[in-house]
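K.L.:
Predicted model follows, preceded by the sequence.
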Amino acid sequence: MSDTSGSTRSRVRSFPALAAAVTALTLVVAGCGGGDAPEENGEASGPQPDETYSGVVAAAEAPAPDGFTAETFEKIRIDVPDGWATEESGDMLCMRPPGESECGYGSIQVLPKVAKNDPNKWPTKGTAYNKDGGWASETGTCRSLNTWEDGDVEAKQAKLQSWDGDGTVKLADDLKANHRVWTVTCENGDTFEVRLWLLPTSDVAVYAWSVDAQYAAVYDKVAESMNTEKYKR
């Protein structure tokens with residue numbers, strides 16, 4: 001998926017997150033719950049976005065865990081690994097791992113209004129995220145470690161990995177995101193992995209563009225830290 005054009009701001013998170021003890025009084029009103037989740041046909045179920053948090057006084061947000069620093073983009077709160085650089089480019093927040101100067105291999109993208117902003121309405125149109133070919137909006141180019149910078153090797157085929165249970169994971173705001181993983185094989189025999197966490201009703205995604213295996217667990221922690229309570233749906 002090509003990067004979104006627009007002004008770019010970069011910064012590096014190189015300091016440990018401060019530990020903080022936060023207490024909050026929460027008023028709970030019966031009847032509130034649920035969020036983005038897939039039905040059998042792949043469409044989102046649960047209450048509409050404007051109903052998701054009605055009737056609840058939000059509690060104070062918990063601090064980011066050690067090794068992460070909370071950041072807000074388009075009113076989406078998400079944890080950034082310490083030492084990773086963040087870059088805002090148009091409608092995308094990119095987190096780059098140490099040593100990477102571009103938003104590519106190993107990076108994590110936070111994509112509000114992902115389908116609305118995509119020319120192919122990826123990944124929700126035709127429930128592409130449930131298909132082998134749904135790993136990107138444009139699927140022609142290999143993204144392996146050895147090829148992604150030049151972009152001159154074609155992607156040959158992709159396989160959507162099977163998932164456990166209903167294929168969702170719970171996020172920090174208790175919404176459920178569709179979690180998908182693809183293995184893509186290139187013309188030269190290289191392979192790479194792509195990961196997606198998608199809230200189809202809210203139209204927000206966290207996207208591991210090409211997974212660096214040494215950060216396999218980090219991707220999950222970042223995605224699951226996402227909080228969209230204040231995001232304008």
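P.N.:
Thanks, I have it.
K.L.:
before we move on, which element is the closest residue to residue 129 other than its chain neighbours in?
P.N.:
Using CB to CB, 6 or more residues apart in numbering and skipping residues adjacent in sequence, the residue nearest residue 129 is residue 123, 4.3 Å away. Backbone N, C-alpha and C define where each C-beta goes, glycine included. According to DSSP states H and E, residue 123 maps onto no helix or strand at all.
K.L.:
burial count for residue 123?
P.N.:
Here the number of neighbours of residue 123 (other CB atoms under 10 Å) works out to 28.
K.L.:
Tell me the buried residues in the longest helix belonging to the chain?
P.N.:
What stands out as the longest helix in the chain, according to DSSP state H, is helix 216-224. Of the residues in helix 216-224, 218-220, 222-224 count as buried by neighbour count, 16 or more other CB atoms under 10 Å.
K.L.:
Quick check: end-to-end length of stretch 226-233?
P.N.:
The first and final residues of stretch 226-233 sit 15 Å from each other (CA to CA, to the nearest Å).
K.L.:
who's in contact with the residue most central in space within the chain?
P.N.:
The centre of the chain sits closest to residue 206, judged by CA atoms, centre = their mean, with a distance of 0.7 Å. Neighbour list for residue 206: 78, 108-111, 177, 196-197, 222-223, 226 [criterion: CB atoms under 8 Å, 6 or more residues apart in numbering].
K.L.:
One more pass at 7 Å, please.
P.N.:
Residue 206 makes contacts with 108, 110, 197, 222-223, 226, as judged by CB atoms under 7 Å, 6 or more residues apart in numbering.
K.L.:
Can you name the residues bridging to residue 95?
P.N.:
Assessed by DSSP bridges, residue 95 has beta-bridge partners residue 86, residue 108.
K.L.:
quick one: it and residue 147, what's the gap?
P.N.:
For residue 95, the distance to residue 147 (CB to CB, to the nearest Å) stands at 22 Å.
K.L.:
Make sure residue 119 is indeed in a strand.
P.N.:
No: per DSSP: H, G, I helix; E, B strand; the rest coil, residue 119 lies outside any strand segment and is coil.
K.L.:
ok, for it, nearest residue in space, not its chain neighbours?
P.N.:
Leaving aside its sequence neighbours, residue 119 is closest to residue 137 (7.2 Å, by CB to CB, 6+ apart).
K.L.:
Residue 95 and residue 147: which is more packed in?
P.N.:
It is residue 95, of residue 95 and residue 147, that has more neighbours when counted by other CB under 10 Å, with 26 against 21.
K.L.:
Let me see the contact set for that one.
P.N.:
Applying CB under 7 Å, 6+ apart, the residues near residue 95 are 80, 84, 86, 107-108.
K.L.:
want to throw those residues into TSV with pLDDT, neighbour count and distance to residue 164?
P.N.:
What follows is the contacts of residue 95, written out as TSV (pLDDT from 0 to 100; neighbours: other CB atoms under 10 Å; distance: CB to CB, whole Å):
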residue	pLDDT	neighbour count	distance to residue 164
80	98	24	27
84	98	23	28
86	97	20	31
107	98	23	26
108	99	27	22
